[in-house]
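>>> Build me a structure from this.
(2 chains)
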Amino acid sequence: DVKVTQSSRYLVKRTGEKVFLECVQDMDHENMFWYRQDPGLGLRLIYFSYDVKMKEKGDIPEGYSVSREKKERFSLILESASTNQTSMYLCASSFMETQYFGPGTRLLVL
Amino acid sequence: ELKVEQNPLFLSMQEGKNYTIYCNYSTTSDRLYWYRQDPGKSLESLFVLLSNGAVKQEGRLMASLDTKARLSTLHITAAVHDLSATYFCAAQDYGQNFVFGPGTRLSVLP
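Numbers count the residues shown, from 1 in each chain, chains lettered A, B, ... in the order given. Take a look at the predicted model:
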């Protein structure tokens, strides 16, 4: 079975802190994605990566950056956390047409 | 820009009844995906529809795709409580991004 893991299920941070969210997949997938999920808005794409050291902006990249130094790991970075970044963050990897999602990280920024 | 809408956003139905969830998308896309999300959990892939007229069935759920109408449907037959969840559709644009609808929250009542 494909496994996508995220480093934390719940995270509480203060405004202005730098936040790292880690995602690891074990199936050698080339494509990886970071989404945020907010009630009534569905999932919105923040960044995606189709290869090591490659990244593309999604619909809402402002306030975020990403890093993909190894194929299995895709990190989302909040440079200076703000309260409007309180959300559920979902990582996914994909092979051909199927996306596999991690369990999500619920981030609260105070 | 690809946009995806779902209708209805909330659905409360009795066990044993049939109902359909609709997913419309705004620009050409020949790939449509359906996911299920249980409360507090991540997304689970249900169906991948890759061509016009595609129909897939799993248990009490059947999904179809009409690319000319830019419409996909998820039909629920003889609903049971275990189907209570939020259902998302997503279309894939030519940049390989997955664009999600807002989700349909389904409650099946005894």
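
>>> going forward, measure contacts between C-alpha atoms and count neighbours the same way
Will do.

>>> Only the buried residues of stretch A:51-65, if you could.
Neighbour counts using 16 or more other CA atoms under 10 Å in any protein chain shown place A:51-52, A:55, A:58, A:61, A:64-65 of stretch A:51-65 among the buried residues.

>>> if we take those, which one ends up nearest to chain B?
Using CA to the nearest CA, A:G58 is the member of these that lies nearest chain B, at 8.0 Å.

>>> A:L43 against B:F100, yeah?
Yes: counting by CA atoms under 8 Å, A:L43 does reach B:F100; the two are 5.7 Å apart.

>>> So these two - more neighbours on which side?
Each of A:L43 and B:F100 has its neighbours counted (other CA atoms under 10 Å in any protein chain shown); B:F100 has more, 27 against 23.

>>> show me what contacts the more buried one?
B:F100 makes contacts with A:42-44, B:3-4, B:88-91, as judged by CA atoms under 8 Å, 6 or more residues apart in numbering or on different chains.

>>> out of those, who's nearest A:T105?
Nearest to A:T105 among the contacts of B:F100 is A:L43, at 13.5 Å by CA to CA.

>>> Please identify which helix or strand holds the residue nearest to that closest one when sequence neighbours are not counted.
With CA to CA, 6 or more residues apart in numbering or on different chains as the criterion, A:L43 has its nearest non-adjacent residue at 4.6 Å, and that residue is A:Q37. In this assignment (DSSP states H and E), A:Q37 forms part of strand A:31-38.
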